[in-house]
Each structure stands twice: as C-alpha cells, then as structure tokens.
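K.L.:
Structure of the sequence below:
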Amino acid sequence: MSIVKNNAAKTLGTKTFAQPVEALENRQMMSASVPHIPAFLPADVQQTTVHANKGHATQTTPKANGTLSLITKVSVIYTPVIRPISLFIEPKVNSAVTQWKNFSANPLFSAGGPSPKDVAQGQVGDCWFLASLAEVAQRDPSVITNSIHQRADGTYDVLFHTSATTTIDEHVDGKLPEDVYGNLEYAKLGEGGCTWVAMIEKAFTYFRNRNIAADYATISGGWGRESLTALGAPSYSEVLPSIHSGQDLFNDVVWGLIFNTSMDFGIGGNAGPLVNSHEYSVISARVQNGVNQIEVRNPWGYNPNYTHNANYNATNDGYIWVNANAVFAQLNEFVTASL
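P.N.:
I've put the predicted structure just below:
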C-alpha cells in the first residue's frame, strides 16, 4: 500500500486484490546504478566496522607496524588521519529537501518507550512500513528497542531481518532531511522529540534495495507482510481470502488481540470510512450499541476531515473507531504476524 500524506484518496469501484500502488505524486520509483556503499567509520575515530549480515567487527588495537587486525582475519592499512563522520552516504531525497540536520542529540525513545503515537508519516508513500512500526510498538515495544541502538559517537545500528534467524545491521548517522522551512521531509519526531521512527525509516532506505543507492523514493509502495517480516516476524498470514463478512473480520481481529498478534489493514476497495490506497495499524475492538467496531490508527498521526466519518479530526493521534462491516468492504489486505 502506498499513499503520501495529504494526497487525495481515490475511489475504487469494487473490492480487489490489487498489486501495491506505487504512488508518490504519480512519479514512478526511481532507480540508480550506483551500488549501496555501507557506512564505514575510520579506525582513528575508534570504531572499526565490518558491515555484514551478522553485524559489526569488534574494535581492536593498532599494532606497532601500523595495521589493524580484525576478527575477520583481514589486515587493513592504518593511516592516522582524522576523518569526519560525514563519510556516510546519505539517501537520495526529493526536490523539497534543502538541508540535513543532525538529530543525534535527541532522545532515541521518549520516557515511556516506543509508542504508536511516535509514528507520523512524511512526504513518501511508506504508510505500509510505518503502520507496521506502529503496530509492533503497540504489541511488543521490546522488538523496537532491540532493533535500534545508538552508539557513543551518535550514529545508529538498525537491525532488519532477512529471515527469522538472520539480520542485517544498517549503520546510519543522525542526520535527517529538512525542507526550506526546517520541517522534516519524511517521518517526523515522536513524543519528546524522539527519533526512533525517523532513524529506522532512513535505515530502511538502505535495506530494502541493497543493489542500488539508498533513496527515500524506493520505499514508496509495499505491503504490511514485507515490513512485518523485516521487523522480525518469522512468518505472516494473509487472512483476507478466508474472510467473507464484517462479522468474520471482527472475529479474527478479536482472536488476534487475545493472542497479541500484530495486524495491519490495507485499504484499497470501495469507498468507506478509511483512506484508500493506505495502510492502518489494528489497535482494538469493541461492540457498541450492538455494532461491531474496530479501532485502527492512521500512520499520518492524524485523520483528515474525511466526509465518511465524523470522528476524523486532527486531535486524536490518528486513532479512530470504524464499523467492521464498512471496513470489510474496503480491504485488500489483512495481514497478521506473531513477533
């Protein structure tokens, strides 16, 4: 699913199991032939790094002959020249970005730890990824805290899964892109100015397309099953084909809540209470006045003045209760995963 915040929603005629929409102001995803060069800090800033599936090499002490012996049994020439951490190759950005600002002094997490309220999408169609981040923060915040760590030099290690047992460590600096007004162009800061969402999103631009240069445009468009797998789910279930009514949908959500299962809704069917071509986190369920209702959260961090539902407003952090029958008619993805 892919929709950029503030884009107009499109109405689709019938419920469909369509391919993901690559929507970024009608531009196609960009591609480049420049290979991804992993970030490498020089030895003279006391952080020798090997960028590999199993993480980083440990730091070692220079020998008298001017070489460093790494745990990989490879010797590299040590040149005692101080080099700035700006050796990081930043991801490509859109034309609205005019500057990069270092946020490494901000807290990684707020005092309460990771929360769905920290997630606020920017100007790239990665709702499918950010909705999953919010969902994981809702179900098991420790998955988030174990996935990103800040080093003493202010840089970050972000772990993504290629399988249930294999991870890739993306090492990124603390710089984030801003527009001419000093606003973050992509994911925003969370509560207390925390940075975990924006830093994980930045690291994901390297992880998702490892054979080309990192680019925010390349994370536009996708499905929740991909993002939940990258965040550590050993497997996922696409349960929509087995659901035939709003009552079935409500029942499955209730069972998912009982077992603390991560759940995402992909919206792309008929007109209804939720924004089309968009991904939502599933939060809770209830029966009110005899009506089955499901609580979801919009990764925009707010809900627009959407005419289908008077509960939409800019003050509820993106949370909204919707009729299960109405949502069922809009779904083209209902993915679940246990982390």
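K.L.:
As PDB, could you dump the C-alpha coordinates of stretch 243-254?
P.N.:
Extracted as PDB, the C-alpha positions of stretch 243-254 are listed here (Å, rounded to 0.1, in the frame of the first residue of the first chain):
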ATOM      1  CA  ILE A 243     -13.000 -13.700   5.500                       C
ATOM      2  CA  HIS A 244     -16.400 -13.400   4.000                       C
ATOM      3  CA  SER A 245     -18.200 -10.800   6.100                       C
ATOM      4  CA  GLY A 246     -17.700  -8.000   8.500                       C
ATOM      5  CA  GLN A 247     -18.500 -10.400  11.300                       C
ATOM      6  CA  ASP A 248     -15.700 -12.700  10.200                       C
ATOM      7  CA  LEU A 249     -13.400  -9.800  10.200                       C
ATOM      8  CA  PHE A 250     -14.400  -8.700  13.600                       C
ATOM      9  CA  ASN A 251     -14.000 -12.200  15.000                       C
ATOM     10  CA  ASP A 252     -10.500 -12.600  13.500                       C
ATOM     11  CA  VAL A 253      -9.400  -9.200  15.000                       C
ATOM     12  CA  VAL A 254     -10.700 -10.200  18.400                       C
END
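K.L.:
who's in contact with it?
P.N.:
239, 242, 263, 282, 285, 292, 294, 323-329, 331, 334, 336 (Cβ atoms under 8 Å, 6 or more residues apart in numbering). No exception for glycine: its C-beta is placed from N, CA and C like everyone else's.
K.L.:
Out of those, which sit inside strands?
P.N.:
Residues of the contacts of stretch 243-254 located in strands (DSSP state E): 263, 282, 285, 292, 294, 323, 331, 334, 336.
K.L.:
Just the closest of those to Pro273, please.
P.N.:
Proximity of the ones in strands among the contacts of stretch 243-254 to Pro273, judged by Cβ to Cβ, is greatest for Asn323, which lies at 7.0 Å.
K.L.:
Give the burial count for that closest one, as a bare number.
P.N.:
18 (other Cβ atoms under 10 Å).
K.L.:
That one bridge partners, please.
P.N.:
On the basis of DSSP bridges, Asn323 is bridged to Gln293.
K.L.:
residues contacting Val335?
P.N.:
Contacts of Val335 (Cβ under 8 Å, 6+ apart): 223-225, 228, 236-239, 263-264, 266.
K.L.:
Let me know how buried Glu238 is, in neighbour terms.
P.N.:
So Glu238, with other Cβ under 10 Å, has 15 neighbours.
K.L.:
can you tell me how far the closest residue in space to it that isn't next to it in sequence sits from Gly190?
P.N.:
Sequence neighbours aside, Val335 is the residue nearest to Glu238 in space, at 5.6 Å (criterion: Cβ to Cβ, 6 or more residues apart in numbering). Look at Val335 and Gly190: by Cβ to Cβ, to the nearest Å, they are 24 Å apart.
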